[in-house]
Structure formats: C-alpha cells, structure tokens
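Undergrad: kindly generate the corresponding structure for this input.
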Amino acid sequence: MNNKMEKPKVAITIGKVHYPRMFSQQAWDALESFADVIHHSGQDPANKQELMALLQDVDAIITSWDVACIDADVVAAAPKLKAMAHMGSSVKRFVSDAFWQRGIQLTSAGIALARSVAETTLGLMIVGQKRIWPLGQHVREGGWRNSPAWDKWFSRELYRKNVGIVGASNVGRYVIELLKPFGPNVLLYDPYVSEEQATALGTTKVELNDLLSQSDIVSLHAPANKSTYQLLNAAGMALMKDDALIINTGRGSLIEEAALIKELSKGRFFAFLDVTDPEPPALDSPLRLLDNVVISPHIAGCIENCNQMGELAVEELRRFFAGEPAVYQITPEMFERIS
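TA: Model (predicted):
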C-alpha cells in the first residue's frame, strides 16, 4: 500500500521570459519540495484562454504583472483552485467577485517589492537633500561652490529635518524604518493609523495640512483609490515650504499634476517622480522640460532581480498547504484601502 500523499499542483502563469528575474534556484527547489509544478508554456504571461486551459486540474497558481484576471470564466474552468500567490504590488485587477465567492486564498508578495521601493525612496531623499542633481548640472556648466547656483541649491542633510510620510503602507513603514539612523523628525499622515500606532512606528501622527506645512520632505506612499485621488492638490501645495522636496514613488494619481507643474514653474519645489498620471507623461508635458523635477520610468521597485518576491510567493503556498498562517494575506475587506 502506498501511503505517500499526492502533492498539490501549482501552476506558474507569469511566462518563461520572466523566470530568471522572478525565481531563484532556492525558490524552485522549495516549490518542487512540496508541489508538482505546472508551467504555462508561453514566453509571455498567460492570457484568459491560456489560463482556462492551464488551470483545469490545478490547486494553486502563482501570478504576476500582465497575467489575465481570474474572472468568473477562469474560476469556472479551475474547479480545484484554492490559493493564489501574486507577485507584484496591486492585486485589484487580477481578482473578481467569482474569485472571492469561491473562497480562494489570496496572498501578495508586494511586501518584498515594498522594501525595494523604500530603499529607492531613501536614496532619493539623500540625493534630493544633497542637491546632487542640480549641483551636478551646475558643475557640468563650469560652476562650483560659492556661486549663485550654490546659494540656490545649498546642500543639506536629513538630520533633524521634518520628513512627512503620507501613508503608512508597506512601503511607507519600510521608509520610516530606514530613516531611523539618519535622525529626522518623521511626521505621518494616515487616517487608518492611531496616535499610539504612529508613536510605536517612531513617528508623530498629524493631519495632512500640518504635515504639508511643516515638512522639508513630503514622500507619498498612499494607495490609489477614490479617497486619495489628487490628495496632494493646489491647496495643499500652497501650504508647503518654499524649497521643499516632493517624492512620489507611490501612484501618479496622488498628485494634482497641473498644480504641481504650476508650483515647479515658480521654482518653489524640487520633485522626484517615479510615477505620473498619465504614465508616461505626455511628450509635450512641462514635466519633461523643467530643471527642478526628475522623472524616472516607474523603476523604484525591483527591476533586474525580483527573486525575493518569487521566494515569498513560494513560501506563501508552502504555508497554505501546510495549514500555516500566511505572511501577507489579502481579504475582500482590505480592498477599500489598498491599491
């Protein structure tokens, strides 16, 4: 008699072209130790029809950017599907009412991505305070210290500066943690965080207007939803200090772009924007021309090596089939306050 338990079937749907970037050998070894792995044969992420064909006898799936939504048709075609581990930040467009009605467990490896975004954000804070970008341009043009440009772009540090964090998301919390050795005063705006929780994070909870008026750096980490649309608007920018630094590694829709352009055109702020709305900005957008804004092409998260997300997705499925709690489970109740 064979008492060996049959392994669950786990489908990888992200497309083979993304395997090196997303999965380490450690992840593959861990996955194969508890599951039979089913591979989507295409090089690109699976579309709806491919998912329906692939998931007919599958217990769990690993998804990532550009995989089709697990809609009612896909759920109906996957009668055994019990768990989904997503590698990416936002999960909203990948699931449906039918997904929740089935009771499929959803986890997100976005917390691994969040650390990468937080590290980039800290780097931008340091580079922004030191004025590396404008001073580098100044030196290229023949300048040096003790010139009019030096007076305008005087180099600064983080120590005891007021750093305003908008949103205690996974990224926001990592940024707060990374800032601690540098000794700034961290102000936090997040309506879902209590004063006691803010204190435990090492921050001071404030209202948004107070954060904007007091901060030397304003860093945006709120989710994109109806309540946060253009959260940083013209009225809010009017409260901000001249010479403040704005960093957006969250979502472009958090900023009223026309108002930001107006203030940047006055020379009031310097901005690092890793995200815009729309994305990319129009070819004739003033954001591409102003010398006090740097736009990067949505690269704050991992680009070359996202192996941490793959390893976490595998660990989430190991935990699921072992009956252990998830590291980061997403529930329908969370959807109102996440991207």
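
Undergrad: hey, which helix is longest across the protein?
TA: For the chain, the helix that runs over the most residues, judged by DSSP state H, is helix 110-130.

Undergrad: what's downstream of that one, the next helix or strand?
TA: helix 132-140 (DSSP states H and E).

Undergrad: and the helices in the stretch 151-300 of the chain?
TA: Ranges of helices in the stretch 151-300 of the chain, per DSSP state H, counting those that start in this stretch, are 170-179, 195-201, 208-214, 234-239, 257-265.

Undergrad: other SSEs contacting the second one?
TA: Counting by 3 or more Cβ pairs under 8 Å, 6 or more residues apart in numbering; DSSP states H and E, the packing neighbours recorded for helix 195-201 are strand 204-205. No exception for glycine: its C-beta is placed from N, CA and C like everyone else's.

Undergrad: what strands line up against the strand it packs on, and which way round?
TA: If you go by DSSP bridges, strand 204-205 pairs up with strand 185-189 (parallel).

Undergrad: and the nearest residue to Phe270 once chain neighbours are set aside, how far from Gln101?
TA: For Phe270, ignoring the flanking residues on the chain, the nearest one in space by Cβ to Cβ, 6 or more residues apart in numbering is Asn292 at 4.8 Å. Distance, Asn292 to Gln101, by Cβ to Cβ, to the nearest Å: 50 Å.

Undergrad: give me the more crowded residue out of the two.
TA: When Asn292 and Gln101 are compared for neighbours, Asn292 comes out ahead with 17 against 11, by other Cβ atoms under 10 Å.

Undergrad: can you pull out the low-pLDDT segments for the chain?
TA: 1-4, 149, 339 (pLDDT under 70).

Undergrad: domains of it?
TA: Structural domains assigned to the chain are 9-108+304-337, 115-295, following automatic domain parsing.

Undergrad: which ones are touching the residue nearest to Thr204 when sequence neighbours are not counted?
TA: Using Cβ to Cβ, 6+ apart and skipping residues adjacent in sequence, the residue nearest Thr204 is Leu187, 5.4 Å away. Leu187 makes contact with Asn162, Val163, Gly164, Ile165, Thr203, Thr204, Val206, Asp210, Leu211, Gln214, Ser215, according to Cβ atoms under 8 Å, 6 or more residues apart in numbering.

Undergrad: of those, which is the most crowded?
TA: Ile165 (29 neighbours).

Undergrad: if it is in a bridge, with which residues?
TA: What pairs with Ile165, by the bridge criterion (DSSP bridges), is Leu188, Ser219.

Undergrad: ok, now how distant is it from Asp274?
TA: 16 Å.

Undergrad: same check on His39?
TA: His39 is 32 Å from Asp274, by Cβ to Cβ.

Undergrad: for those two, indicate the residue with more neighbours.
TA: Taking other Cβ under 10 Å, His39 and Asp274 do not tie; Asp274 has more neighbours (23 against 14).
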